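*Asks:* kindly return the folded structure for what I paste below:
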Amino acid sequence: MVREASSVPAKNGLTWLWLSLAVLAFDLITKELVIDRFALGESIRIIPNLLDFTRVHNLGAAFSFLSDASGWQRWFFSALALVVSAMLAWWLYKTPRGDWKQCAPFALIIGGAIGNLMDRLRHGYVVDFIDAYIGQYHWPAFNIADSAIVVGVVFMLVTGLLDSRRK
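*Replies:* Residues are numbered from 1 along each chain as shown. Here you go, the predicted model:
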């Protein structure tokens, strides 16, 4: 009996989901620590003129986008996180495990998306606490999940640009 070769790599990128789980665990642990130790709006200086930990509840998305909407945004961003995570998991399934330039960013984004999704489902908002600024220039508060998403997207863009320049 002759078997046809599958178009799916035998050792696919789903093994990279360990990175997603690590991001998710670190994100959830840090958020629980913040919830347990900080009142809403409470802040502690970490590095003067650069970094504070401040407990903030974000009802919207990045930079509090749509945070003042009537509540539908919670379900919209939850559905978006599920769709994006499922799509990226499918791409991991189709990607060879050794293609770390694609697998690592996908895994980072999945871990971050699921971390913020869990907040939305449990609390109705995302817990942010990393408060970065330089003098009067202030960056909106964010969390580990947000950081993983940004690092994953930037990594995808940079490697995509570098790979296209080589060709």
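*Asks:* show me the helices in the chain, by range?
*Replies:* Listed from the start of the chain, the chain has helices (DSSP state H) covering 17-37, 72-94, 100-123, 144-166.
*Asks:* and those helices: which comes nearest residue 57?
*Replies:* helix 100-123 (7.5 Å; CB to CB). In this view, the C-beta of every residue, glycine as well, is placed from N, C-alpha and C.
*Asks:* between that closest one and helix 144-166, how many degrees?
*Replies:* Compare the direction of helix 100-123 with that of helix 144-166 by axes from the mean of the first three to the mean of the last three CA atoms, to 10 degrees and you get 160 degrees.
*Asks:* what residue ranges in this protein score low on pLDDT?
*Replies:* 1-10, 60-71, 167 (pLDDT under 70).
*Asks:* count the neighbours of residue 110 for me.
*Replies:* Residue crowding around residue 110 was assessed by other CB atoms under 10 Å; the count is 28.
*Asks:* can you pull the contacts of the nearest residue to it once chain neighbours are set aside?
*Replies:* With CB to CB, 6 or more residues apart in numbering as the measure, residue 20 is the residue that lies nearest to residue 110, at 4.3 Å, once sequence neighbours are left out. For residue 20, the contacting residues are 107, 108, 110, 111, 114, by CB atoms under 8 Å, 6 or more residues apart in numbering.
*Asks:* what's the most buried one of the helices of the chain?
*Replies:* Compared across the helices of the chain, helix 100-123 shows the largest average neighbour count, a mean of 22 (mean count of other CB atoms under 10 Å).
*Asks:* between that helix and helix 72-94, how big is the angle?
*Replies:* With the same axes, to 10 degrees as the basis, helix 100-123 and helix 72-94 are set at 150 degrees to each other.
*Asks:* how close does residue 51 sit to residue 44?
*Replies:* When distances are taken as CB to CB, to the nearest Å, residue 51 and residue 44 turn out to be 10 Å apart.
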